[in-house]
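Novice: I would like the atomic coordinates for the input below:
(chains A and B)
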Amino acid sequence: MARRENPEINAGSMADIAFLLLIFFLVTTTMDVDSGIPKKLAERTEVKPPIVKEKNIFQISINRNNQLFVENEGMELKDLKDAAIKFIDNGGGIGNPMPGKDAGAACNYCKGAKDPTSSDHPNKAIIAVESDRATEFGTYVAVQNELLKAYAELRNKLCQDKYGMSFTELDKAFKASARKDNALRKKVEDIKSSYPQIISDSEPTNVQ
Amino acid sequence: MSKFGKKKKEMPAVNTSSLPDIVFMLLFFFMVTTVMRESDLAIENPRLPSASEVKKLERKSLVSTIYVGKAKDAKYGVSYNRIQLNDKIATPDDVPSFILLERSNISELEVPFMTTSIKMDKESSVGTLADIREKLRDVNALKLSLSTHKASDIKK
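Specialist: Model (predicted):
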């Protein structure tokens, strides 16, 4: 009782299987857009940096054991954002002149405590991050991230009050216009100059 | 006249037996052409830290990447502070020549928009970053991006 013919294998569903694989690869392949924390380095110049008042500097140090110190007192990472906001948004004095203005003025949009012993104006408030050479990069990035979060929150709040949308949305709209919409550009630049990101990285210390 | 009485019963089915071949060809094409990385890594794939406030790097041709992490080759030791430029392990002193070489590949007008992306392992030390930073300042390559994964706050 030998079979005469081999019955042909039904290959109709093979295409389905292959499509499934194809779609799986198409979906899971991330082109891996490179993203990161933007930093701008200072140019090398002979000009001496201007002397900054102690109260306008927010001193953050990270030691070699990845512990965080703010103004020489220990602090948890989760409290850093609020402390930074409090410092930046203090507005206790006269700021640097805004672009297009001759004289500096007091911060009229700050919601802070107006404490005269803290920062004068957001455009004068400098955040200085000092780290040990042996500090882990992960901790360093986490600190930078918290500081950027603080700025983002302040910008969003101001933008919401002024223009009725958050800064994230405004920036997205501006980028969607291929950076050509001048009305949006003005708004973006206004918010950016109201809360400029001034984060300075001092040379790492090498304390044994 | 039996010709009229007979009606064709069915259309003959389209032969689809070569469809899998076509699809497999597509599949292989995508699998082969998907480039995962431009240069081979001489260091272990850096475990990037995550951050939420990140910016995307837009123009890929204007980005030069520096890797920092643990060398695969044991002769470089086990510290996480080895620097890779192009395809080989280097020292911070080689960074300026690397940047100048990258600059020579693009037009002069676009040089100010060049960004250096540093892909650094979580456990690398900030000292290495500072060394690179100083060398970058020497050649006036001032735009920097510390490469991180995008993390959402919801996860926490």
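Novice: show me the contact partners of stretch B:105-123.
Specialist: Contact with stretch B:105-123 is made by A:34, A:36, A:136-138, B:44, B:46-49, B:57, B:59, B:61-70, B:80, B:99, B:102-103, B:128-129, B:132, B:136, B:141, B:143-147, as judged by C-beta atoms under 8 Å, 6 or more residues apart in numbering or on different chains. Every C-beta, even on glycine, is put in place using the N, C-alpha and C of the backbone.
Novice: now the helices for chain B?
Specialist: Listed in chain order, the helices found in chain B under DSSP state H are B:2-5, B:19-33, B:95-104, B:126-138.
Novice: which of these sits most buried?
Specialist: helix B:126-138 (a mean of 20; mean count of other C-beta atoms under 10 Å in any protein chain shown).
Novice: for it, packing partners?
Specialist: Where contact means 3 or more C-beta pairs under 8 Å, 6 or more residues apart in numbering or on different chains; DSSP states H and E, helix B:126-138 is packed against helix A:137-163, strand B:63-69, helix B:95-104, strand B:115-120, strand B:143-147.
Novice: now with 10 Å?
Specialist: Packed against helix B:126-138 by the contact rule (3 or more C-beta pairs under 10 Å, 6 or more residues apart in numbering or on different chains; DSSP states H and E) you find strand A:126-131, helix A:137-163, strand A:199-201, strand B:63-69, strand B:82-85, helix B:95-104, strand B:115-120, strand B:143-147.
Novice: and A:Asn145, how many residues sit next to it?
Specialist: Using other C-beta atoms under 10 Å in any protein chain shown, A:Asn145 has 23 neighbouring residues.
Novice: can you verify my assumption that it contacts B:Ala51?
Specialist: Yes. Using C-beta atoms under 10 Å, A:Asn145 is in contact with B:Ala51, at 4.0 Å.
Novice: which residue does chain A bring closest to chain B?
Specialist: Scanning chain A for proximity to chain B using C-beta to the nearest C-beta identifies A:Arg133 as nearest, at 3.1 Å.
Novice: show me the contacts for the residue nearest the centre of chain A.
Specialist: Nearest to the geometric centre of chain A sits A:Leu148, at 3.1 Å (C-alpha atoms, centre = their mean). By C-beta atoms under 10 Å, 6 or more residues apart in numbering or on different chains, the residues touching A:Leu148 are A:Ile37, A:Pro38, A:Lys81, A:Ala84, A:Gln197, A:Ile199, B:Ala51, B:Ser52, B:Glu53, B:Val54, B:Lys55.
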